[in-house]
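**Q** sequence plus predicted model, see below.
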Amino acid sequence: MIDTKPADVLLMAFGGPDSPEAIEPFMANLMGGRPPAHALLAKVKERYRMIGGSSPLLDITRAQAGGLQEELNAGGGNFRVYAAMRYWRPFIGETLEQMAADGVQRAVAVSLSPHYSRVSTGAYAREVENSLSRLGAGLQVAFAPGWYDHPLFIQALAEKLLEALGRFPEERRGDVQVIFSAHSLPLTHIHEGDPYVDQLRATVSALVERLDLSSWHLAYQSKGGGQDEWLGPHVEEVLDGFAGSGRRDVLLAPVGFVADHVETLYDIDVAIRQHAEALGLNFRRAASLNASPTFLKALADVVRQALAAMK
């Protein structure tokens, strides 16, 4: 049963440029206020041009927020769900200001990054705490628990994976090589205690068990630049290992993301696909969760758990 005491939801995502003009300031936000180098900016602009000129992330997050609100209120609740971004508009801070202006007194903050890292969920939480300190308003915010192994999240991923497997010829489905991917991170983050890899492995383990998969691999994508060592193996390295091995069919499931954005639409659908096809592989990607009804049920359950724990 939904708690009927007044409460609302802050649904937080990474953010992405919602127009070509937003690309440069978005990148500056990512870089702590420093303007991006000209060559880097040109490269990123070209990637966005190839996926339509901007990121669909805000529109998808708003659709997720609307679907979550419907799911929560289906049982007689009166929730409002606010979508907010860490690195682009609507920013977390300004969204909290709007919530306070709307009279919100209690809220559950939910990260749309399924696996905790300091640069995603950790950054969102710090921004919430800093914003609440600045506001000085009587807004109580509880952070939802991690949901990387929530049964309905696993079910939602499994549904997308099975849909994608169904696009391979039936007689070859048992030999499809499944690659689970997530965003790479600097190894220093992991060495300093980020539970990112452990949580990611728990997600993959639950999926493998649920679907009884035998030919699967965990790999990382979209690593940044600089001199840092990053989590591996990278997806391209796993694909290289298939070349000449007789393994032809490959399905990539981006379990580290819950919505389409540049890392799925360009990094996978353009760059990784080109790499796979150059090796002679038959490459497909499982669809992102986006506004999957099963995924929204998972988020609704997470909100209810957090609300039940609020004093």
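**A** The structure has been received and is ready for your questions.
**Q** would you map the helices across this structure?
**A** Assigned by DSSP state H, the chain shows helices spanning 23-30, 38-50, 57-73, 92-101, 121-135, 151-165, 187-191, 196-211, 235-242, 262-265, 273-278, 293-309.
**Q** what does the fifth one rub up against?
**A** Contacting residues not belonging to helix 121-135 are listed as 10, 12, 86, 91-93, 96-97, 100, 109, 111, 113, 116, 139, 141, 143, 194 [C-beta atoms under 8 Å, 6 or more residues apart in numbering]. (C-beta placed from N, C-alpha, C; glycine too.)
**Q** what sits up against stretch 154-165?
**A** 173, 176, 178, 203, 206-207, 210-211, 251, 253, 255, 284-289, 292, 294-295, 298.
**Q** state the mean pLDDT of it.
**A** Taken as a whole, stretch 154-165 has a mean pLDDT of 99.
**Q** likewise for stretch 106-126?
**A** 97.
**Q** how long is it end to end?
**A** With C-alpha to C-alpha, to the nearest Å as the measure, stretch 106-126 spans 18 Å from end to end.
**Q** mind listing what's buried in it?
**A** For stretch 106-126, a neighbour-count test (16 or more other C-beta atoms under 10 Å) marks 106-117, 119-125 as buried.
**Q** tell me which of those fall in strands.
**A** R106, A107, V108, A109, V110, S111 (DSSP state E).
**Q** as a markdown table, those residues with distance to G33 would be great.
**A** Formatted as a markdown table, these follow (distance: C-beta to C-beta, whole Å):
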| residue | distance to G33 |
| --- | --- |
| R106 | 33 |
| A107 | 28 |
| V108 | 30 |
| A109 | 24 |
| V110 | 27 |
| S111 | 23 |
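**Q** do you know how far the most centrally placed residue in the chain is from Q105?
**A** Centroid-nearest residue in the chain, with C-alpha atoms, centre = their mean: F257, separated by 3.0 Å. According to C-beta to C-beta, to the nearest Å, F257 and Q105 sit 33 Å apart.
**Q** and if you look at E94?
**A** Relative to Q105, E94 is positioned 19 Å away (C-beta to C-beta).
**Q** now do the contacts for R34.
**A** Taking C-beta under 8 Å, 6+ apart, we find R34 in contact with A28.
**Q** please identify the most buried of the helices of the chain.
**A** Comparing the helices of the chain by mean neighbour count (mean count of other C-beta atoms under 10 Å), helix 262-265 comes out on top with a mean of 22.
**Q** got the contact list for it?
**A** Outside helix 262-265, the residues touching it (C-beta under 8 Å, 6+ apart) are 16, 47-48, 51, 55-56, 183, 221-222, 254, 257, 285, 288.
**Q** what's the answer for stretch 18-33, then?
**A** Contacts for stretch 18-33 (C-beta under 8 Å, 6+ apart): 15-17, 34-36, 40-41, 44-45, 48-49, 53-55, 58, 87-89.
**Q** 10 Å - rerun?
**A** Residues outside stretch 18-33 that contact it (C-beta atoms under 10 Å, 6 or more residues apart in numbering) are 14-17, 34-37, 40-41, 44-45, 47-49, 52-59, 85-89, 91, 119, 224.
**Q** span of that stretch from start to end?
**A** With C-alpha to C-alpha, one end of stretch 18-33 sits 18 Å from the other.
**Q** average pLDDT across that stretch?
**A** 97.
**Q** for the stretch 201-311 of the chain, give me the ranges with low pLDDT.
**A** 311 (pLDDT under 70).
**Q** er, the stretch 51-200 of the chain I mean
**A** Short version for the stretch 51-200 of the chain, where the test is pLDDT under 70: 137.
**Q** ok, back up a step: make CSV from the helices of the chain and add distance to E229 to it.
**A** Shown next, in CSV, are the helices of the chain (distance: least, C-beta to C-beta, whole Å):
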stretch, distance to E229
helix 23-30, 20
helix 38-50, 20
helix 57-73, 28
helix 92-101, 30
helix 121-135, 20
helix 151-165, 28
helix 187-191, 5
helix 196-211, 14
helix 235-242, 14
helix 262-265, 20
helix 273-278, 21
helix 293-309, 33
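**Q** now for these, which one comes closest to D228?
**A** helix 187-191 (6.5 Å; C-beta to C-beta).
**Q** roughly how far is the closest one from the heart of the chain?
**A** Chain-centre distance of helix 187-191: 20 Å, with C-alpha atoms, centre = their mean, to the nearest Å.
**Q** can I have that helix written out in CSV, keeping just the CAs?
**A** In CSV, the C-alpha atoms belonging to helix 187-191 read as follows (Å, rounded to 0.1, in the frame of the first residue of the first chain):
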residue,chain,number,x,y,z
LEU,A,187,40.4,2.3,-11.9
THR,A,188,41.3,4.8,-9.1
HIS,A,189,37.6,5.2,-8.3
ILE,A,190,37.3,1.4,-7.8
HIS,A,191,40.4,1.2,-5.7
